[in-house]
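Engineer: With the input below, show me the fold.
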Amino acid sequence: MSAPTTKADAKGFLASGLGIALFSSAVFGTSGSFAKSMLETGWSPGAAVAVRLTGAALILVIPAVVVLRGRWHQLKDNWLTILLFGLIGVAGCQLFYFNAVARLSVGVALLLEYLAPVMIVLWLWIASRRRPRALTAAGALLSLGGLVLVLDLTGSVKVDFIGVLWGMAAAVCLVIYFFITAKENETLPPLVLASGGLLVGAIVMWLVGLSGVLPMTFSAADTTLGPWTTPWWVSAVGLIILATVLAYVSGIMAARSLGSKVASFVSLTEVLFAVIWAWLLLGELPGPVQLLGGVLIVGGVVLVRVDELRGDRRATRAQLPSVLDHPNDVEAVPSGSVTESPRN
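Structural biologist: All right, here's what the predicted structure looks like:
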């Protein structure tokens, strides 16, 4: 009896989307370490992003064509979703994050980016015109207090202001990424969305790079990962396959299963994974004050999420309609910002 029960529990965990979301966070968390190992040898952020997106798009394009099975109208019907995902959720988010990593530690850059869940809640407050409840307000203030500690403005280690701006820009892009990936759309499989978005992002990066607007500097120097000195392509392959192909496909699957708010909440574990990977592969850790700030940011988002769950239960019991009752919590997004046709 125990063996079947264990197997059933495991299948239920994966089916719920939580297992997929945690796996996505773990592999996403490697991106900062792989990227920084390349940036430290002379790669520019733009070049690293371009290689990452191009390699991932080439790997996914054939499986995506197979999944489409000749239904090319799915691309036509969802072209705006794919375009926005590629421009903002892929190219913009990665470029801004890599620029932040070039100036800050991986942990600090990611903590800034992962203020996105708080931004999502703030956006839904505004869109739904609901006054925040006390616990939610406390969570938001706790996260903002954590941000102040992460910046460590009075500490001995000065935080690069430009790096902070890049991290905040990545957070805004991440908000849009969660809204796009969470919208239900039966006509656009996750694999097709990931492949299309990566291809759009790669094309944009190469066009901007070739125009001279974005520096594109490459290097064939060996990279350092933990105690090992490896050829540059080892970091590039890790960045492409682990941190992009597997991460994006599993991330879209998790967001569709869990919804934008829950998926963004679970994705906070990426901060933990990224700090662990940065410690193992780069020997890099945020300072004690910054780690405390990270705890406060995560704690603040936890409070917000707990309050939302309580509020949803109360609304369900009272049988009151709410823009936040939908499993994917995306009704408040303006209809013009993302294609409504069966999902993104």
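Engineer: To what extent is V266 buried, counted in neighbours?
Structural biologist: 21 (other C-beta atoms under 10 Å). Every C-beta, even on glycine, is put in place using the N, C-alpha and C of the backbone.
Engineer: Report the next helix or strand after the helix or strand that contains L165 in sequence order.
Structural biologist: Assigned by DSSP states H and E, L165 falls within helix 161-182. As assigned by DSSP H and E, the chain's next helix or strand after helix 161-182 is helix 190-210.
Engineer: sorry, back to before: and the helix holding L165, what's buried?
Structural biologist: 163-164, 166-182 (16 or more other C-beta atoms under 10 Å).
Engineer: Low-confidence bits of the stretch 151-300 of the chain, can you list those?
Structural biologist: 151-158, 181-186, 259-265 (pLDDT under 70).
Engineer: where's the spatially most central residue of the chain relative to G70, distance?
Structural biologist: With distances taken as C-alpha atoms, centre = their mean, L174 lies nearest the centre of the chain, 5.5 Å away. From L174 across to G70, the span is 34 Å (C-beta to C-beta, to the nearest Å).
Engineer: measure the residue nearest to the centre of the chain to F28 for me?
Structural biologist: According to C-beta to C-beta, L174 stands 11 Å off from F28.
Engineer: and if you look at G146?
Structural biologist: Using C-beta to C-beta, G146 is found at 21 Å from F28.
Engineer: what do you get for L18?
Structural biologist: 15 Å.
Engineer: neighbour count winner among these two?
Structural biologist: Using other C-beta under 10 Å as the criterion, L18 and F28 rank with F28 on top: 23 against 17.
Engineer: Would you agree that one is in contact with V271?
Structural biologist: No. Using C-beta atoms under 8 Å, F28 makes no contact with V271, being 10.3 Å away.
Engineer: For the stretch 201-344 of the chain, which segments are assigned as helices?
Structural biologist: 232-237, 247-258, 260-266, 269-282, 288-318 (DSSP state H, counting those that start in this stretch).
Engineer: Tell me which of those lies nearest to A127.
Structural biologist: Minimum separation from A127 across the helices of the stretch 201-344 of the chain (C-beta to C-beta) falls at helix 260-266, 12.3 Å.
Engineer: Quick check: pLDDT value at G336.
Structural biologist: Looking at G336, its pLDDT is 35.
Engineer: what does the one 3 residues further on give?
Structural biologist: As summarised for this prediction, T339 has a pLDDT of 29.
Engineer: I'd like the numbering to begin with 25 instead of 1 from here.
Structural biologist: Let's use 25 as the start, then, which means that last one is T363.
Engineer: how about L135, what does it touch?
Structural biologist: By C-beta atoms under 8 Å, 6 or more residues apart in numbering, the contact set of L135 is 170-171, 174, 191, 295, 310, 314, 317-318, 321.
Engineer: Next up, phi/psi of it, please.
Structural biologist: Dihedral pair for L135: phi -60, psi -40, per degrees, to the nearest 10.
Engineer: Now do the same for it: its pLDDT.
Structural biologist: 77.
Engineer: From Q314, how far off is it?
Structural biologist: The value you get for L135 to Q314, if C-beta to C-beta is used, is 7 Å.
Engineer: picking up where we left off before, so the helix holding L189 versus helix 271-282, what angle?
Structural biologist: 60 degrees (axes from the mean of the first three to the mean of the last three C-alpha atoms, to 10 degrees).
Engineer: Distance from helix 185-206 to the middle of the chain?
Structural biologist: 8 Å (C-alpha atoms, centre = their mean, to the nearest Å).
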